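In: Coordinates only, no sequence provided:
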């Protein structure tokens with residue numbers, strides 16, 4: 001099937017699927033302000049007045065279409081996708097927004113767009129761009145030799161850093177040196193896949209700074225050190241197993257015949273002298289981390305109403321200062337440092353366009369989940385409790401985790417945090433196993449897909465910009481399914497019974 005025929009077939013399927021949504025306009029249109037602010041407890045715990053119980057699963061068609069586009073277009077029409085992924089993203093965004101606007105008017109349609117922009121997309125993309133720019137200004141001069149021992153050590157270092165500076169910051173800092181150390185090797189895909197497993201996800205499970213779901217738990221009353229105590233052993237178990245498995249796989253690839261002699265083809269030859277260029281960006285990374293933490297602690301009680309969406313002062317200050325940090329990094333970083341990293345804005349551009357549509361189209365799905373047993377996904381929600389209403393920690397781990405694999409893991413965490421009672425003091429004590437299961441599911445299983453956690457797609461985009469052909473959406477899920485799901489099964493028995 002040629003690209004044109006494939007695109008035509010996809011568009012035909014779209015209209016066949018979306019047509020019923022127009023017939024049941026209330027499904028798509030009652031989510032004017034649905035979604036999750038992701039920065040404050042109040043804004044994050046609800047769906048902005050939307051009655052998710054009145055929505056059917058048809059309202060999730062644009063979101064499903066967006067996911068299928070990410071999964072299928074790169075396989076069947078790669079050239080078309082790379083040229084027009086922004087237009088395809090816009091199409092799916094409009095597939096949600098147009099029915100809403102037709103039923104509620106232009107004003108409500110604009111309010112829906114404003115809510116998605118200010119409460120979710122703006123904080124997300126500003127933070128991601130800041131970390132991308134700052135980490136991209138730190139260049140490791142000299143080149144390491146990508147041996148199994150060195151690769152394992154770099155993954156371990158990135159895993160530790162993830163809980164200190166966040167999964168996004170650690171991923172942006174470590175991915176380029178790791179790619180450069182292995183640029184002479186033929187078999188490199190597994191290195192990036194395990195990097196996503198460890199640095200972009202599991203490593204961020206110890207502190208609220210590590211991953212957005214844990215930060216939202218912190219804002220809802222979970223103490224800063226609670227995750228350090230209760231997720232330490234699950235994190236250690238998962239990461240040690242993954243690092244050991246990686247070392248075994250990398251050693252096997254490293255000894256294969258086609259790898260012999262490839263050091264002679266190294267585009268960045270190994271050296272014995274190393275130094276850092278752009279070291280001042282480490283200060284800016286600390287500033288970024290501090291700004292994120294400050295926005296959760298400083299509550300001046302001042303907010304501005306923008307077409308029905310409350311925009312809180314601390315979030316505006318944080319996002320504004322993150323923009324300043326980005327500009328400062330671009331100003332103070334030597335041009336040679338960015339050139340050494342092959343720095344360009346293409347990866348962040350791709351993530352920005354795709355996630356704009358994802359954040360908009362995900363709104364009704366989150367609203368349905370928030371409706372709990374009264375929503376169209378009641379059968380899923382009911383899985384986490386027994387007949388007497390007692391929480392089932394293993395099911396909280398799996399349901400939270402599997403939904404976090406495809407939805408934004410931050411609002412998914414909050415849905416099940418509130419479903420478990422929403423009382424942080426009780427959950428940290430009598431419900432500690434349940435809270436640990438929710439937290440671990442949201443963080444660890446974000447690695448199941450490229451869209452489970454923000455750094456995943458960014459790492460993929462950076463690797464591809466370096467000429468590495470990464471697995472497609474479903475091919476990556478084969479990696480995660482074969483490696484992570486059995487690991488999570490063992491973790492369920494060991495930690496979440």
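Out: Arrived safely. Quick caveat: nothing in here was measured; it's all calculated off a predicted structure.
In: give me the number of residues near residue 160?
Out: By the criterion of other C-beta atoms under 10 Å, residue 160 has 14 neighbours. All C-beta atoms are positioned from the backbone trio N, CA, C, and that covers glycine.
In: My reading is that it lies in a helix. Confirm?
Out: Yes - the assignment for residue 160 (DSSP: H, G, I helix; E, B strand; the rest coil) places it in a helix.
In: Contacts only, for the residue nearest to it when sequence neighbours are not counted.
Out: Of all residues not flanking residue 160 in the chain, residue 203 sits nearest, at 6.8 Å (C-beta to C-beta, 6 or more residues apart in numbering). By C-beta atoms under 8 Å, 6 or more residues apart in numbering, residue 203 lies in contact with 158, 159, 160, 161, 162, 163, 167, 170, 210, 235, 239.
In: Turn the residues you listed into a markdown table, columns for distance to residue 282 and pLDDT.
Out: Converted to a markdown table, those look like this (distance: C-beta to C-beta, whole Å; pLDDT from 0 to 100):
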| residue | distance to residue 282 | pLDDT |
| --- | --- | --- |
| 158 | 15 | 95 |
| 159 | 19 | 96 |
| 160 | 15 | 94 |
| 161 | 11 | 92 |
| 162 | 16 | 92 |
| 163 | 17 | 88 |
| 167 | 17 | 90 |
| 170 | 13 | 89 |
| 210 | 18 | 86 |
| 235 | 24 | 96 |
| 239 | 24 | 97 |
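In: Of the residues you listed, just the buried ones, ChimeraX syntax please.
Out: Buried residues among the contacts of residue 203 (16 or more other C-beta atoms under 10 Å), as a ChimeraX selection:
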select :158,159,161,162,163,167,170,210,235,239
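In: Out of the contacts of residue 203, the closest to residue 429 would be?
Out: residue 235 (20.8 Å; C-beta to C-beta).
In: Low-confidence regions, this structure specifically.
Out: Where the chain drops to pLDDT under 70, the residues are 1-51, 142, 257-273.
In: Kindly list the longest helix within it.
Out: For the chain, the helix that runs over the most residues, judged by DSSP state H, is helix 78-116.
In: Give me the helices and strands touching the helix or strand following that helix, please.
Out: Per DSSP states H and E, helix 78-116 leads on to helix 122-135 as the next helix or strand towards the C-terminus. Judged by 3 or more C-beta pairs under 8 Å, 6 or more residues apart in numbering; DSSP states H and E, helix 122-135 is in contact with helix 148-181, helix 281-297, helix 313-332, helix 346-361, helix 454-465.
In: Next, the angle helix 148-181 makes with whichever helix or strand comes after the longest one.
Out: Beyond helix 148-181 on the C-terminal side, the first helix or strand identified by DSSP H and E is helix 189-198. The directions of helix 189-198 and helix 148-181 differ by 100 degrees, with axes from the mean of the first three to the mean of the last three C-alpha atoms, to 10 degrees as the criterion.
In: Name the residues that touch the helix or strand just after helix 189-198?
Out: Following helix 189-198 in sequence order, the next helix or strand is helix 212-219 (DSSP H and E). Identification of contacts with helix 212-219 by C-beta under 8 Å, 6+ apart yields 38-41, 44, 204-205, 207-209, 222, 224, 227, 292, 296, 404, 409-410, 412-414, 417, 424, 435, 439, 442-443, 454.
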